[in-house]
Structures are given as structure tokens and as C-alpha cells.
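>>> build me a structure from this.
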Amino acid sequence: MLSRLQIRIITLLAIFALTGCATDVSKLGIVVLPKENRPNVIFILTDDLDSKLNSMDYMKNVKELLSAHGASLSDFLISTPVCCPSRSTILRGQYAHSHQVYHNELPDGGFYKFNQVGNDVSNLGGWMQAAGYRTVLMGKYLNGYPFQDNRTYVPSGWTEWYSPAKKSAYDGYDYVLNENGKLVEYNPSEINYFTDVMNRKSVDFIQRAAKDKTPFFMYLSSFAPHEPATPARRHLKLFPLATIPQTPSFNEKDVSDKPQNMSFNPLLSGKEIQTLNGKYRARLRSLQAVDEMVKDLVTVLEQTGQLDNTYIIFTSDNGYHMGQHRLYAGKTTFYEEDIVVPFIARGPGIPENKTIPGFLAGNVDIAATISEWAGVIPPAFVEGRSFAGVLAGDPVPSDWRKAMLLEIYGGQNQNMDGVWNPLLLANTHALTSTLGISFISPQANNESSTGLRTSQYLYTEYKGGFVEFYDLQKDPYELENIAASADPHLVKSLSNWLHTLYACSGKECLNVDQGLK
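Purely as a prediction, here's the structure:
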């Protein structure tokens, strides 16, 4: 049976095909609908920004200029909490098992893999450009970009392009940008702090776009607060007393019910906690330039008369844990700290100062949502839904998903958080003591895992056979794994649902994620 969304799409296609008013862009697989006014869209993507560790409390401008004037989702989920797979999901509207970018590096991930499997041909940038938008990407694109033998490569679909192409911009200084096919070096002076450079370029872009009255789509991607979380020098001394929230899961007392290698992790030492708090403060400081950028963007939109016709999204590619369940610092788990990220949207028709709780949307839905604002019907391969209506205050559709698929792919030694793959080292605390280096504790012996996140449950199966199951309503900090004690029929039904959803493709996923009949 067709879903309401599928019926709506088929009806629109039929109407506009008959009237001859739709533009079919066959190469991209999209349909551009006629639309009198296409709003501007600014998509702000941070890197590793948490939702559960209170970092948003330190972003005054985001709260006052975005949250207070828009809608926030309390359960915005990342299907694969790793940078490149998540960013690929954002651009393509597909789960990782469909877009095939599983890691941050080759052979199974990174920019090269994204390009190799043809994802560059049709994604959000190209869809927006086909709808008449001036498109620009500023900042981090995909891990491993660009080609080593073609550092001036600009993917199709982007009218303008400003992305690091040599050295590294992760520490904020001393990098080379590909600026529309030209390599431009930025020496390590304070004026060239990466977020500030992106800020100035974004303001300039908006001012230029306003003059020719062309709608624009800006994909603005910061490196903050990713390791090493280098702040601008003007922010180096802020928040000297800030510490990681001491929730019940922090340095959890009993991890014997966790995956095998986690269950052997000792309690974090006082010195390790002190180091974590230092990292936490660095993250907060690195976010301050992003917060200032948000203020400057809103100001220039207001000055150019475009604020009321611009959607602004603020979110992250994945979350981050720091000490929860005795894990050190990182991502790549299905615990709430890693998969739940901030999501705020303001713009035409979105109510002010609204929080939407318990609504299961995520990175797989971003492309479809922005497409609806732009008047674009996305390709059939898209596995997410538009939630533009929910953001505008409409009731949650009866056929909305009941579970989000979660995926992590092990088996590759990749640098995710600055030093080592967090899944490779079994008991890293001993190495920390011996070598004096901070490592990330493993999730489960480098195993792949898949999971379901519903409004009540987190259910995870590891390739080696281990199962984690938490009732989030009774146990929001995921302290008690009830896989062995829960109703076997419930566990079996979740397992069957998970396997079916993991095997879905394209629009089929829109039916399967509602549950098994």
C-alpha cells in the first residue's frame, strides 16, 4: 500500500506533467515544481557537536537568534555517527548501506568512495542548483577531499566553492582553500582563523546574492568543535570552570552489561577526568566563533532585507561522548550522546520558540526537507522524508517513521578523532598510563553493529552476536542492558524489524520504518 507521501508525490507529478509546468531533470532524477518565490536556505553544519553535554548552553546567539525565533527538535538522530557517512547521508538522503560510504577513508569511505560510486552526480547541491538557486559550499566537505592529483576539483552542483584542499584546517590555522578552482594559501595569523574566514566569505556571498535577487542555498560547514578544538585566540580564556555534566552515565559504576571490551574498561581516573574537562572547555571555546558567525549571518540577512525569506538550519554531523559509560572521548556508538544532535530551524512559517519532543527525524531527512522548501521532488533513491510541515506546526503525519535505522561499520583503521580508530584498542586506559597519550575506548572490538532507535527503545545487534537493549523511558542514561531479561517476543520483533529495515532501499524504507505488518 502506498504511503500518504508517495500518493502526494505521484499526484503532483501527474498534475504538473499534464500542465507542462514541471521541469524534469533526468540526470539528477528530480522534478522541479513551479514556485513563485523560492526561499533562501542556509544550512549550518557543525562537526561533532553534542546535544547531551550542554554545549548549546554556551552559544548565546544561536539560542537568541535561532532557537527563540524557530523550532528545535529534541530527538534529532544521526543514523551513522561518523563524519563522512553522516555527511553523505545529509547530501543524498540515504542510509549508509545505500550510499555505500561506510567510513572516513578508503577503501570503504571518504570523498573518494562518495565520488567513486556516483554520489557526486545527484545530491542536494545539484538539486538546488537545478531549481534556480545560486549554491555555495563553504568549509569542510567530505573527509579525504580533494583528489590528491586534482586539488582544484569542484563537484558538480555548486555555483561557488570554498573548501580546504591542502594542509589541514582542523586546528583553525595554516591551510589552503580551493576557492572556485584556485588554490589560496592562508598563513597562520589570527585574521585567518578558519571560522572567521568562512564568516567573512558568507557575509560577502549573501550581500552579492541580494543584489541580483537570485535565491541562494548556502552549505556552511565548520570544523568546530572537532578535535583538536582550537579556539580563536580571543576566546582562549573563556569558561575556565566549565566541566562535563556529571550525569549517572558519566564514569558509569557498572559496565559489565556493555559490549565485551567496554566491560573490561576501568573507571576513569581523576587525571583522565581532569584532561576530559580541559577538552570540554576547548570545545566550548572553539564554538564561540561559530556563535559569532550566526549573529553576523542574521545581521546581514536583516540588512539586505532577506531574513524573512530565509530558512536557517543549525545542526551537527554527529554527537560526542566524553566519559559516559567509561568511554573516553569520541563518537561511533549508538548511545544517546553520539546519535542525538542539536537541530534548530527558523524561517518562513516556522513558529517561534517551539520545541518538538519525541519526533523521530534525522540526518536522512534533511535533503528531502530542504528540497520541499525549494519546490523540488527529490529522486526515488531518497530514503528520508520531508518534515517541513511538522516544523511549520502541522501534526505529525500518521505514516511517519516509528524507528530510525542506525549503522556502524567496523573493520577499518581510520583516524576519526585525531589519534586512533576508537574501535581498535581493547583496553586503552593502560596505554594512556604507559604512553601518556589520551586514546578513545572501543565500542566493541571493532565490530559492525546495526540498531533501531524508537521513541522508547534503543535496540542494537553486534556482528559478533552481542545485543544491547535499553528502555529509554525508564532508563534514559542507558545504564541497564535488558536484552536478557526483556520479553523474548519483543526482542524478536525488534530484531526482525531491524533486519528488514537494514535491507530496505529507496522509497521502500518509508514503509518499513513504520513497523512490520
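>>> just the strands in the stretch 101-250 of the chain please.
134-139, 160-167, 175-179, 182-186, 216-221 (DSSP state E, counting those that start in this stretch).
>>> mean neighbour count, these: which tops it?
strand 216-221 (a mean of 25; mean count of other Cβ atoms under 10 Å). In this view, the C-beta of every residue, glycine as well, is placed from N, C-alpha and C.
>>> and the strands of the stretch 101-250 of the chain: which comes nearest residue 254?
With respect to residue 254, and counting by Cβ to Cβ, the nearest of the strands of the stretch 101-250 of the chain is strand 216-221 at 39.2 Å.
>>> of all the strands of the stretch 101-250 of the chain, which one is nearest residue 49?
Comparing those by Cβ to Cβ, strand 216-221 comes nearest, at 11.8 Å.
>>> strand 134-139 and that closest one, what's the angle between them?
Here the directions of strand 216-221 and strand 134-139 differ by 10 degrees (axes from the mean of the first three to the mean of the last three Cα atoms, to 10 degrees).
>>> other SSEs contacting strand 216-221?
strand 40-46, helix 124-130, strand 134-139, helix 194-212 (3 or more Cβ pairs under 8 Å, 6 or more residues apart in numbering; DSSP states H and E).
>>> how about the strands in the stretch 251-400 of the chain?
So, for the stretch 251-400 of the chain - with DSSP E, counting those that start in this stretch - the strands run 310-316, 321-322, 329-330, 340-341, 344-346, 354-356, 361-362, 376-377.
>>> kindly reformat the helices and strands packed on strand 216-221 as a markdown table containing mean pLDDT and distance to residue 293.
Formatted as a markdown table, these follow (pLDDT from 0 to 100; distance: least, Cβ to Cβ, whole Å):
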| stretch | mean pLDDT | distance to residue 293 |
| --- | --- | --- |
| strand 40-46 | 98 | 8 |
| helix 124-130 | 98 | 21 |
| strand 134-139 | 98 | 10 |
| helix 194-212 | 97 | 4 |
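>>> make JSON lines from these and add distance to residue 517 to it.
Putting these into JSON lines (distance: least, Cβ to Cβ, whole Å) gives the following:
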{"stretch": "strand 40-46", "distance to residue 517": "36"}
{"stretch": "helix 124-130", "distance to residue 517": "32"}
{"stretch": "strand 134-139", "distance to residue 517": "41"}
{"stretch": "helix 194-212", "distance to residue 517": "47"}
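>>> out of the strands of the stretch 251-400 of the chain, which gets nearest to residue 224?
The nearest among the strands of the stretch 251-400 of the chain, by Cβ to Cβ, is strand 310-316 at 10.2 Å.
>>> neighbours of residue 154, how many?
Close neighbours of residue 154, defined as other Cβ atoms under 10 Å, add up to 18.
>>> can you add distance to residue 105 and give the strands of the stretch 101-250 of the chain back as a markdown table?
Formatted as a markdown table, the strands of the stretch 101-250 of the chain follow (distance: least, Cβ to Cβ, whole Å):
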| stretch | distance to residue 105 |
| --- | --- |
| strand 134-139 | 20 |
| strand 160-167 | 16 |
| strand 175-179 | 19 |
| strand 182-186 | 23 |
| strand 216-221 | 19 |
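>>> ok, which of the ones you listed comes nearest residue 42?
strand 216-221 (4.7 Å).
>>> need the residues that contact the closest one.
Strand 216-221 is contacted from outside by 40-45, 47, 124-125, 128-129, 133-141, 198, 202, 205-206, 209, 293, 370, 374, using Cβ atoms under 8 Å, 6 or more residues apart in numbering.
>>> lowest confidence element among the helices and strands of the protein?
For the chain, counting by mean pLDDT, DSSP states H and E, helix 428-435 ranks last in confidence among helices and strands (a mean of 34).
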